[in-house]
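Peer 1: Coordinates for the following, if possible.
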Amino acid sequence: MDHGIIRQLVRSLRALPGVSQRQAEKIAFTLLQDTAARAALDELVATLSLTDPCPRCGWFTEKSASCPNCGREHSVICVVENFSDLLGIERTGQFTGSYHLLGGLIAPLEGILPEDLNAEPLKERVEAGGIAEVILALPATIEGEATIHYLHELLAPTRVTLTRIARGIPSGSKVEYLDRKTVGNAIAERVKVSSGLSE
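Peer 2: Alright, predicted model coming up:
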């Protein structure tokens, strides 16, 4: 077999988060030699081709199907960076409202600017009415703080109540890596967001 094809397969696998060079090589050779693994990959690709992010909230849903997140109780919206954070909050059982996925955090050094986030649809959801509170479940990092400041400015004209999860979450940590109890307490003890974002 052409070694160039194998190298390309390894490069593609390395693009996946958390996959090292050695792991990529192992997965590549497994896919090349194991028909069951290749069938699983084909099924994965087929499933991905059937899904699209909801243009309203960012939740991944089956194409042409109604979004399950938009169908939830929506007077309270919980804003998260990504789907992993959403799952971390869901596991706590503390939140019953709907979610909004930003798809990232403001990080100019990485080329992620405010306009790259799924933020305007959030403003549109709030402006449509019926929203009592927006919870910002974003990490206590420089990027998270910059994003909270931006969302505060973006949503200020709507006069919606804006809160953030409590500071029980360690500085620099991400929601998806925290235990259920810590995240649950942070949701339950959320605080109102003001212009003094360092409070």
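Peer 1: which residues in the chain form strands?
Peer 2: Under the criterion DSSP state E, the chain contains strands at 51-53, 60-62, 76-80, 98-101, 133-136, 161-164, 191-192.
Peer 1: possible to save the ones you listed as JSON lines with mean pLDDT, distance to R180 and mean neighbour count?
Peer 2: Bear in mind the C-beta positions are built from the backbone N, C-alpha and C, glycine included. Output for the strands of the chain, formatted as JSON lines (pLDDT from 0 to 100; distance: least, CB to CB, whole Å; neighbours: other CB atoms under 10 Å):
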{"stretch": "strand 51-53", "mean pLDDT": "87", "distance to R180": "26", "mean neighbour count": "13"}
{"stretch": "strand 60-62", "mean pLDDT": "85", "distance to R180": "23", "mean neighbour count": "14"}
{"stretch": "strand 76-80", "mean pLDDT": "97", "distance to R180": "16", "mean neighbour count": "23"}
{"stretch": "strand 98-101", "mean pLDDT": "96", "distance to R180": "17", "mean neighbour count": "24"}
{"stretch": "strand 133-136", "mean pLDDT": "96", "distance to R180": "17", "mean neighbour count": "22"}
{"stretch": "strand 161-164", "mean pLDDT": "93", "distance to R180": "19", "mean neighbour count": "20"}
{"stretch": "strand 191-192", "mean pLDDT": "70", "distance to R180": "20", "mean neighbour count": "11"}
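Peer 1: pLDDT below threshold where in this protein?
Peer 2: For the chain, the stretches with pLDDT under 70 are 1-2, 166-173, 185, 189, 191, 194-199.
Peer 1: Quick one: residues contacting the most centrally placed residue in it.
Peer 2: Centroid check for the chain by CA atoms, centre = their mean gives N82 as the closest residue, at 0.7 Å. Counting by CB atoms under 8 Å, 6 or more residues apart in numbering, N82 touches 101-104, 176.
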